[in-house]
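K.L.:
for reference, the sequence and a predicted model appear below.
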Amino acid sequence: MKENQLFLDKVFRKFRKTIETYGLLSDGDRILVGLSGGKDSLALLEMLGRKKQSPNPPFSLVALHVSMENIPYKADVDYLKQFAEKCGAEFVHVTTSFDPSTDKRKSPCFLCSWNRRKMLFSVAKEMNCNKIALGHHLDDVLQTLMMNLTFQGSFGTMPPLLKMNKFDMTIIRPMSQIEEKDIQMMATLQNYQKQEKNCPYEEDSHRSDMKELLCRMKEMNPNAANSMWNAMSNIQDEYLPKKILEE
């Protein structure tokens, strides 16, 4: 049991360090947490709840679960409500839907995610929240980086802190430096209840391909994830090609 607690404390230290390094929390923040019911969002809410117990800085939490009517993702809403309240968060549950035929240029995964994200912003405004916390971990960040490099020809990903001036809202990702395997271990130790997930579009995404590729990179170098994270703030510009602008 002592070893388990030491592991949980180690994960929380990474969580707290990310908050401090990137200035994710400020006095009086009211934070909306996207609570899907998966291991990542449960871990995020639990650690924010633990951080909330310290007096500095003071902040409040609202946990939002968005049900998508036309996706067979079944969540135990009562369990999520009890979990949120245990973490010191107010719980909100809303239901919405999306029509995949409205835009054939975008994948159903993109449209579903986009509609959930719009609901997050809408409820955040209604609940007078100034920040939205999302449960993206280090593997998510690196997979997005690899997808942008491969399909968009750009070097960018999901930062720990993103100010959305258009919506007057700030996105924070306090688990950005925690690997998925550690979140999975935390979920096991804390006995998180699994949700029933049978999304018909899940395998259509390139993200599963990037996940497999990242796993292979970790097999070559167990420290690959941390190395890639550090590379994003260690850009050696003089060794990169530059376009010559014609006069």
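P.N.:
It's in. Numbering: from 1, shown residues only.
K.L.:
not counting sequence-adjacent ones, nearest residue to Asp140?
P.N.:
Met158 (6.9 Å; C-beta to C-beta, 6 or more residues apart in numbering). Glycine gets a C-beta too; all of them are placed from N, C-alpha and C.
K.L.:
kindly indicate whether the one you found is helix, strand or coil.
P.N.:
Following DSSP: H, G, I helix; E, B strand; the rest coil, we place Met158 in the coil state.
K.L.:
what sits against it?
P.N.:
Listed by C-beta atoms under 8 Å, 6 or more residues apart in numbering, the contact partners of Met158 are 136, 140-141, 144, 173, 176.
K.L.:
try it again with 10 Å
P.N.:
134, 136, 140-145, 148, 171, 173, 176 (C-beta atoms under 10 Å, 6 or more residues apart in numbering).
K.L.:
Met175 contacts Leu42, correct?
P.N.:
No: look at Met175 against Leu42 with C-beta atoms under 10 Å: they stay out of range, at 11.3 Å.
K.L.:
so which of these two has more stuff around it?
P.N.:
It is Met175, of Met175 and Leu42, that has more neighbours when counted by other C-beta atoms under 10 Å, with 29 against 26.
K.L.:
just how off-centre is the lengthiest helix in the chain within its chain?
P.N.:
The longest helix of the chain (DSSP state H) is helix 2-22. A distance of 17 Å separates the centroid of the chain from that of helix 2-22, by C-alpha atoms, centre = their mean, to the nearest Å.
K.L.:
use 3 as the first number for this chain going forward.
P.N.:
Yep, numbering from 3; the last one is helix 4-24 now.
K.L.:
contacts for stretch 145-154 next, please.
P.N.:
Residues from elsewhere that reach stretch 145-154, judged by C-beta under 10 Å, 6+ apart: 138-139, 156-160, 182, 207-216, 219, 230-231, 233-234.
K.L.:
switch the cut-off to 6 Å
P.N.:
156, 158-160, 208-209, 212-213, 216 (C-beta atoms under 6 Å, 6 or more residues apart in numbering).
K.L.:
can you say which of those are buried?
P.N.:
Neighbour counting with 16 or more other C-beta atoms under 10 Å marks 159-160, 212-213, 216 as buried within the contacts of stretch 145-154.
K.L.:
I'd like those residues as a markdown table, with distance to Gly30 appended.
P.N.:
Below are the buried ones among the contacts of stretch 145-154 laid out as a markdown table (distance: C-beta to C-beta, whole Å):
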| residue | distance to Gly30 |
| --- | --- |
| Thr159 | 29 |
| Met160 | 25 |
| Met212 | 38 |
| Lys213 | 38 |
| Leu216 | 38 |
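K.L.:
of all the residues you listed, which comes closest to Ser28?
P.N.:
Of all these, Met160 has the smallest distance to Ser28: 20.4 Å, by C-beta to C-beta.
K.L.:
can you tell me how far the closest one is from Met149?
P.N.:
Distance of Met160 to Met149, given as C-beta to C-beta, to the nearest Å: 11 Å.
K.L.:
just the element for the residue sitting nearest the centre point of the chain, please.
P.N.:
In the chain, the centroid-proximal residue (C-alpha atoms, centre = their mean) is His138; its distance is 2.2 Å. When elements are assigned from DSSP states H and E, His138 belongs to no helix and no strand.
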